[in-house]
Structures are given as C-alpha cells and as structure tokens.
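Trainee: Predicted structure and sequence below. I'll ask about it afterward.
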Amino acid sequence: MEETAPLSATNRDHWLSEEQKLSDRMQEAMFPGGEKAVEKLSKQNKQLVRDLISKLIDPGTPFLELGTLAGFGMDYPNVPDVIGGGVVTGIGRIHGNWTMIIANDSRVKAGAYFPITLKKHLRAQAIAENCGLNCVYIADSAGAFLPMQDQIFPDDGQFGSMFYNMCRMSAVGQKQITLSTGGNTAGGAYIVFLACESVMIHQMSYSFLGGPPLVKAALGEEVTAEELGGAVVHTNISGGCDHICQSQDEAIGRVRDILAHDSSQELHINRCQEVAPYHPIEGLYDLLPENIYRAIDARAVIAHIADGYPFREYKKDYSPGRGDNTICGKIFLKGIPIGVVASNNSGIIFHESAQKAAEFIIRCGKDKTPLLFLQNSPGYMVGTASEQAGIGKYGANMVRAVSNVKVPRIQMVIGPDHGAANYGMSGRAYKPHFLFSTMRARTSVMSGASAAYVLLTLEKRNRKAKGKEMSPEEEESFRQRMVDKYDGEAHPFYNAARLYTDGVIRFSDIRDYLALAFEISLLKPIPDTVLGNFHF
C-alpha cells in the first residue's frame, strides 16, 4: 500500500467546518417541531420515535439510519419542508438479526404521507427485500396528504406499493411486523391488517378503513375512534390484530418477543480477522482536498478505509496516466473481502480505465466478491481522440458490467459525480444495495462551471439568431445564475433531501458505515452472474 499524499491542515479545517453544517442539519432532522412537539407527544403518553427504536433494537448495538436528511426544501403546497420525510427508517439488530425498521414520526404533519415520505418508505422496503430482512413498522400516520392525492395514491410507486411490498416479502418468509402507536386510517389501515403479526395499544391505537367523520357522512352513524377501530375491537372482535398492550414499552417488548424465535442470520462470505487500517480514518480530513475538482490519491484513501492487509491491485501498471485514473483491486473491510473500483488522480475515465474496470467487475461477479465504488469522477473522457479510441464502446461495457453483476454493490461518493461516470460507477439508477455521500460529494449531470459554459453558448447563439447580443454584464449574470443553480443542485444536502443518496456521512464514519452495509448486504446468498450479450 502506498503512502498518503502530503497532508493539509487547511483541508481538515474546511471539512470539519462542512461537517458541522451536516451535524446542524442532522439535529434539525431529528427534532422537528422542537420542544413543543416533544411536549405534545408526552401529553399523549407517547415517546419519541427514535427512543422507541432504541428500545426495540438490542442494547448497545448500532442503528444504521437511512435518509435522515430527506424532505428539506421540497416546497410542497403550503409545506416547504417535510423534515426527515416524516418517517424514520434504518436497520438495527433484534435478537442478533438485522431488521429493517420503518417508523412514522407523528411530529411531522401528524405522520401524513407526502411523495417524499412514500419514496423513503419504499426505498427502505426495497433494501429489506434485496437483503432478505424482516421489517418492523411503527405506525402512527394521518394517511395520505390529501391536497397531493394525485401524486400519492393512484400510481405504481405510490401508496399501494407499500402494501404490495409487504405482501411479497411476507410470501417469501420475510416477516412483516406492525406496532401501531396511533391512528392508521383508510389505506394506512392495511399496515396493521397485512402484517404477519400486529400489535396495538389500548386507547392509543386505532385502525379503520373509514374514520368516524367518514362513517358519519356515509351512514349517519355516530361512533368514537375506540368503538370503531380500537385495540379491543381488533384483538377481541374483528381479529384484525394479534396482540393488545397497555403501553408503548409493553408493545416494544411484545414485538421483540415475536421475533425472538427466528433463526440466526449468517454471512454468505468467508470473513477473516479484522485488522486496523494502515492509516487512521481521521486522516481523510487532511488528505481529501478542499477543492472538489482537485486530483486525489485513491490508493491513499483506500489505505485509510481498508484493513491493513496488502492491497491486491488489478492491472496496476496498465496504461500509466490513463488506465491509472480508475484503480481496481481487492481489500478486506473489517474482515470482509471486497473488490474496489476507485476514481484516481483527476478521476476522468479514459477508455483504458473503463476497459480495466469492466474486466475487474466481471471477475468479481464470477468469484462472488462484493464491490465498493469510490466515486470521484467528473465523467468519461470526450473529444475526437477519445471517441476514435472507443470510449463509447468501453464506457458502455463498464455500464453493462455494472448493470448485470449480481454481487452486492455499494457506492460511496467522495467527490465529483457527473455525467455517465455516475452510471459506470454504480449510481442510483443501477440499484446499488446502498449509496452514501460525503460533504465533498457533488452529484449532477455536470459541474456548475461546465453547465454555465454550455448554456451561455446556447443562449448567445439563440439571441444572435434573433438579431440580439448579450452585454458582458448580461453574460456574467447569466453565467453566475447557471453556476449557482447547478452547483446548488449538486450539493449533498439537495441530493439527500430528494433521497438520491441513502445518507450523508462524515469522513470519520466511512469505514464503520461501509462495513455495516456490506455485512447486511451479504445476508442473502450471492447468485451467479450472467452477463448476456457482453462484448469486449
């Protein structure tokens, strides 16, 4: 393993400052409504949703929370922010088994479902299905946000998909357990009724297809929520629920009891002894340049993340300066064998580096080695020489390999993430098991500077065709607007709000997050890779 590049205190100061912004945003996400919202819950004898999760998972074990920063700045009708998406999702251990937990946060618009809420809920279910996890739902929701029903109710990927997913996972033995801690009305009632087993709390939980106001309007019947669909009704009369409890703590214990007899999960890969990295993970603060577009030494980055075993690099000496812009090789991460595809130097992907990466991905697919993509690439190389050398063909081969390889894949964005490099490096559209970003990540079709140049050129051409010219002041104003727009939309907060990433994490947490994510991803056997009409 090579030594790291010269360290920089300026880099450290910058990234610690950026991560303080991340901490502030995380704090805001975890406490929507502030103390007033906490007091309101307390009056209802309810606990904070993350406190319930903490009691649900095994003591002293981690909770891998996902999508924490969802929902900021969505600007829905009269609702500028849906903090956290109004739902908490993540993976924790229950009796030693990794379990997906999806919990409504009633502090956010009474737990109502907005488009971003659905996206976060469905993403959590997709991860659970992909990794073979049981699901626990902590349900307390006002249901669909009715002013946006056309974007929530009728389509695939909307409200009904939550229940479709529950049915499919239940059918293959992935348990679906619901703890109702509040109201579950209309379609939301199915979160209780479709569960393999469900738990309700006396005089706190309610579940019905039509609430008291709708019953009054439709039938003229006067009825209370408790009489219509309380815990006693569904455990003693309708049979729609399996367990009745008197408090949230008792209900949490009951959910743990339900899952106590599951078989222990096993890792479908040979794990070796963990060894500390060659360099402490905190060294990334000095190593990674403050300038997002400055070249990096990917081998040094790997030396801070991987276990301190030799880095078995693939084709290290192939086409120096071009093939070297993407490095490939095998590492151990807390004892788990991993294949790495990492952007190096400027990160621009030349045809040689694309060819090498495609070959390596295929080999990892054949020997069933999971893949980590360390993304720091502004794109594939352009220009006449590159096109004639076959960048389109070799780039397509890299994309084809990523699309078809069956091993678990995780993308970690540590820099530019632009254009087709997003595709070849296993971006969101390529369905990686997990996708994480850092505060250094910038995900967009191109950088603000590049977009401004292209769009300004087009704008000047269009105006000239109409017999008009742009003054230098107009050019600069237009250019700056485009830079601000594209750079703003590339920022990790913007992407996290829209769930283009599963989480924005600190440099110091990269090793821990990746190890947990790979462990969870390896709970299902790895199928054989079939590449179809692959052409070199």
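Mentor: Looks like it arrived, so ask away.
Trainee: Residue 435 in helix, strand or coil?
Mentor: What DSSP: H, G, I helix; E, B strand; the rest coil gives for residue 435 is strand.
Trainee: Give the closest residue to it in space, chain neighbours not counted.
Mentor: residue 411 (4.7 Å; C-beta to C-beta, 6 or more residues apart in numbering). For every residue, glycine as well, the C-beta is placed using N, CA and C.
Trainee: how much space is there between the one you found and residue 368?
Mentor: Distance of residue 411 to residue 368, computed by C-beta to C-beta, to the nearest Å: 19 Å.
Trainee: So for the two, which residue has more residues nearby?
Mentor: Of the pair residue 411 and residue 368, residue 411 is the one with more neighbours under other C-beta atoms under 10 Å, namely 26 against 19.
Trainee: So what does that one have for phi and psi?
Mentor: The phi/psi pair for residue 411 (degrees, to the nearest 10) reads phi -110, psi 130.
Trainee: same deal with residue 243?
Mentor: phi -140, psi 140.
Trainee: dump the residue contacts of the closest residue to it other than its chain neighbours.
Mentor: Spatial nearest neighbour of residue 243, chain neighbours left out: residue 199 (4.4 Å); criterion: C-beta to C-beta, 6+ apart. Neighbouring residues of residue 199 by C-beta atoms under 8 Å, 6 or more residues apart in numbering: 177-180, 241-245, 251, 254-255, 258.
Trainee: Out of the residues you listed, which two are the most distant from each other?
Mentor: Taking C-beta to C-beta as the measure, the contacts of residue 199 span a maximum distance of 15.0 Å, between 177 and 244.
Trainee: quick one, which of those two is more surrounded?
Mentor: Per other C-beta under 10 Å, whichever of residue 177 and residue 244 has more neighbours is residue 177, with 23 against 19.
Trainee: Verify the contact between the more buried one and residue 134 for me.
Mentor: Yes: with contact defined as C-beta atoms under 8 Å, residue 177 reaches residue 134; the gap is 7.0 Å.
Trainee: Touching both of those two, which residues are there?
Mentor: Counting by C-beta under 8 Å, 6+ apart, the contacts common to residue 177 and residue 134 are residue 259.
Trainee: can you point me to the longest helix in the protein?
Mentor: When the chain is parsed with DSSP state H, its longest helix is helix 9-30.
Trainee: Quick one: residues in contact with the next helix or strand after that helix.
Mentor: Sequence order places helix 34-43 as the next helix or strand after helix 9-30, per DSSP states H and E. By C-beta under 8 Å, 6+ apart, the residues outside helix 34-43 that reach it are 31, 33, 47, 48, 106, 107.
Trainee: coming back round to it: before we move on, what SS does the residue nearest to residue 243 have?
Mentor: Classification of residue 199 by three-state DSSP places it in strand.
Trainee: how close does it get to residue 182?
Mentor: Distance of residue 199 to residue 182, computed by C-beta to C-beta: 13 Å.
Trainee: tell me the residue furthest from the middle of the chain?
Mentor: Distance from the C-alpha centroid of the chain, by C-alpha atoms, centre = their mean, peaks at residue 467 (48.7 Å).
Trainee: Quick one, grab the pLDDT at that one.
Mentor: Per-residue confidence at residue 467 stands at 92 (pLDDT).
Trainee: next one: residue 515
Mentor: Per-residue pLDDT puts residue 515 at 98.
Trainee: Check the secondary structure at it for me.
Mentor: At residue 515 the chain is in helix, as set by three-state DSSP.
Trainee: tell me the contacts of it?
Mentor: Contact analysis of residue 515 by C-beta under 8 Å, 6+ apart lists 333, 334, 336.
Trainee: any idea how far it is from residue 286?
Mentor: From residue 515 across to residue 286, the span is 22 Å (C-beta to C-beta).
Trainee: Ok, residue 517 next?
Mentor: Residue 517 is 25 Å from residue 286, where distance means C-beta to C-beta.
Trainee: Just want to know which of these two has more residues nearby.
Mentor: Taking neighbours as other C-beta under 10 Å, residue 517 and residue 286 compare with residue 517 leading, 28 against 20.
Trainee: any idea which helix or strand carries residue 227?
Mentor: Assigned by DSSP H and E, residue 227 falls within helix 225-229.
Trainee: quick one on the thing from earlier: buried members of the contacts of residue 199 into PyMOL, please.
Mentor: To isolate the buried ones among the contacts of residue 199 in PyMOL, judged by 16 or more other C-beta atoms under 10 Å, type:
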select buried, resi 177+178+179+180+241+242+243+244+245+251+254+255+258
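Trainee: Closest to residue 17 out of the contacts of residue 199?
Mentor: Taking C-beta to C-beta as the measure, residue 17 lies nearest residue 179 of the contacts of residue 199, at 40.3 Å.
Trainee: Return the residues in contact with the closest one.
Mentor: 136, 137, 138, 139, 198, 199, 251, 252, 254, 255.
Trainee: go on, residue 190?
Mentor: So residue 190 contacts 163, 166 (C-beta under 8 Å, 6+ apart).
Trainee: and the gap between it and residue 164?
Mentor: 10 Å.
Trainee: so residue 331 sits in a helix?
Mentor: No: counting by three-state DSSP, residue 331 is located in no helix; its state is strand.
Trainee: Specify the beta-bridge partners of it.
Mentor: Following DSSP bridges, residue 331 is listed with bridge partners residue 338.
Trainee: Quick check, it in contact with residue 338.
Mentor: Yes: Residue 331 is within contact range of residue 338, at 5.3 Å (criterion: C-beta under 8 Å).
Trainee: Touching both of these two, which residues are there?
Mentor: residue 306.
Trainee: Disregarding residues adjacent in the polypeptide, which is nearest to the residue nearest the centre of the chain?
Mentor: Centroid-nearest residue in the chain, with C-alpha atoms, centre = their mean: residue 502, separated by 1.5 Å. Counting by C-beta to C-beta, 6+ apart, residue 502 lies nearest to residue 66, which is 4.9 Å off, once chain neighbours are set aside.
Trainee: Give the burial count for that neighbour, as a bare number.
Mentor: 24.
Trainee: Identify the bridge partners of it.
Mentor: Counting by DSSP bridges, residue 66 forms beta bridges with residue 89.
Trainee: pretty sure residue 333 contacts residue 306?
Mentor: Yes: assessed by C-beta under 8 Å, residue 333 is found in contact with residue 306 at 6.0 Å.
Trainee: Return every residue with contacts to both of the two.
Mentor: Both residue 333 and residue 306 lack any common contacting residue under the criterion C-beta under 8 Å, 6+ apart.
Trainee: and residue 443, that's in a helix?
Mentor: No: assessed with three-state DSSP, residue 443 is strand; it does not lie in a helix.
Trainee: any idea how far residue 127 is from it?
Mentor: Distance, residue 443 to residue 127, by C-beta to C-beta: 19 Å.
Trainee: Average pLDDT for stretch 105-122, rounded please.
Mentor: What stretch 105-122 shows for mean pLDDT is 95.
Trainee: how far out from the middle of the chain is that stretch?
Mentor: Centre-to-centre, stretch 105-122 and its host chain are 16 Å apart (C-alpha atoms, centre = their mean, to the nearest Å).
Trainee: just stretch 435-448 next, same as before
Mentor: Using C-alpha atoms, centre = their mean, the offset of stretch 435-448 from its chain centre is 14 Å.
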